[in-house]
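Engineer: Sequence first, predicted model second:
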Amino acid sequence: MTVTTANHSIESENADSAAAEKNIFSGSRDEARHVNNDPRQKQSRQNQPRRDKRDVHGWVVLDKPIGMTSTHAVAVVKRLFSAKRAGHAGTLDPLASGGLPIALGEATKTVPFVMDGRKRYRFTVTWGEERDTDDTEGRIIRTSEFRPSVEAIEALLPQFTGLIEQIPPQYSAIKVQGERAYDLARDGEAVELKPRPVEIHQLTLVEQPDSSHSVFEAECGKGTYVRALARDIGRILGCFGHISGLRRTLVGPFVENDMIPLEQLEALCHRAASGEASLAEALLPVETALDDIPALAVTRADAARLHRGQAVLLRGRDAPNCSGTVYVTVAGRLLALAEIGNGELIPKRVFNLNGLTASPARNNESS
């Protein structure tokens, strides 16, 4: 990270923060089937006292358990913090576990940066069966008695590394003529999805516990389907295959050490309610999502102009000689995302961080 001092909020990747938040609430192919319509539970929720919502700003990287939808996970975290706004940075299927970054409050303005970052997965492929969903929940559509050797698998992996063309799974959230592909597939309609470019930065065979199972690690870019990766490898090997275990270990700047299990978060919430702890301990600063963006420190006078949405002239020997997107700080505190161009600093996103934020210890960890 480059830090510059000047004497004197970015474009949200073709979507404003509201659109980004709407996008991050979009469910996976399994979200709908996990909705609980039990009238007794609805009545129980209606009888619970409403808690006042508050301003909470930062990231919670939930270690999502298997069986929970991403939308439900956001709702749980939002309730634990009594937060006004929340959303997640990239859906994780119910059958998967691992890192689900949840943005609270002003952190929702930085969601596109996390969604565009690299992801790392550890996944198990079961050989001998291809399923229509490309995972264990689907219907078996092809079988094979053949089992691949370690050597055959490793020889194939370079074909799936780098920039490749990938056909998304039939059961995916991609829209086809206005309908989700997984909705059409569930209705029995044949869905023809076009191949699209994705980038696999690294793909490694890490374990072969037996002839019918292989464990891989993949680091990939935005839009990659690990289920499709397992499907395509199985087809080329001639043995067919599907995902039987999936864990996300990295999302953008967030690694496994940042993750907090739901049970631990709930326990912290109970201790906070009794005054023995603070939920701020579970928060990472909003700017954690901006690790790959240069930082620019400004004076309080310039900060006041930026806060009002006014541009600031950059001049003098301390003026930065770079251009493009920066995140702006004043007295060490995040102020705005801005664009440098034509000798001006133009605010694109201004942050209002009044309320509950990450504890000083977590701020030091992220710096």
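Structural biologist: Okay, I see it. Numbering: from 1, shown residues only.

Engineer: Which residue ranges of the stretch 151-300 of the chain form strands?
Structural biologist: 162-166, 175-176, 179-180, 196-210, 213-220, 241-251, 254-255, 260-261, 295-297 (DSSP state E, counting those that start in this stretch).

Engineer: strands paired with the first one, and their directions?
Structural biologist: Right, the one you point to is strand 162-166. Partners of strand 162-166 in the sheet, by DSSP bridges, are strand 196-210 (antiparallel).

Engineer: mind listing the strands for the stretch 1-150 of the chain?
Structural biologist: Using DSSP E, counting those that start in this stretch, strands in the stretch 1-150 of the chain cover 3-5, 58-64, 86-88, 97-104, 119-127, 129-131, 140-143.

Engineer: Counting by contacts, list what the third one packs against.
Structural biologist: Strand 86-88 is packed against helix 17-24, helix 70-81, strand 97-104, with contacts defined by 3 or more Cβ pairs under 8 Å, 6 or more residues apart in numbering; DSSP states H and E. (Each C-beta comes from the backbone N, C-alpha and C, glycine too.)

Engineer: Next: the last one.
Structural biologist: The helices and strands touching strand 140-143, judged by 3+ Cβ pairs under 8 Å, 6+ apart, are strand 129-131.

Engineer: Skipping adjacent residues, who's closest to L345 in space?
Structural biologist: V312 (4.4 Å; Cβ to Cβ, 6 or more residues apart in numbering).

Engineer: What's opposite A103 in the beta bridge?
Structural biologist: Those that pair with A103 in a beta bridge, by DSSP bridges, are W59, G87.

Engineer: quick one, what contacts it?
Structural biologist: A103 sits next to 24, 59, 86-89, 110-111, 114, 289 when contact means Cβ atoms under 8 Å, 6 or more residues apart in numbering.

Engineer: go with 6 Å
Structural biologist: 59, 87, 111 (Cβ atoms under 6 Å, 6 or more residues apart in numbering).

Engineer: How about D134?
Structural biologist: Per Cβ under 6 Å, 6+ apart, neighbours of D134: 169, 227, 231, 242.

Engineer: Would you mind measuring from it to L193?
Structural biologist: Computed as Cβ to Cβ, to the nearest Å, the D134 to L193 distance reads 12 Å.

Engineer: now swap in L163 and tell me
Structural biologist: Counting by Cβ to Cβ, the gap from L163 to L193 is 19 Å.
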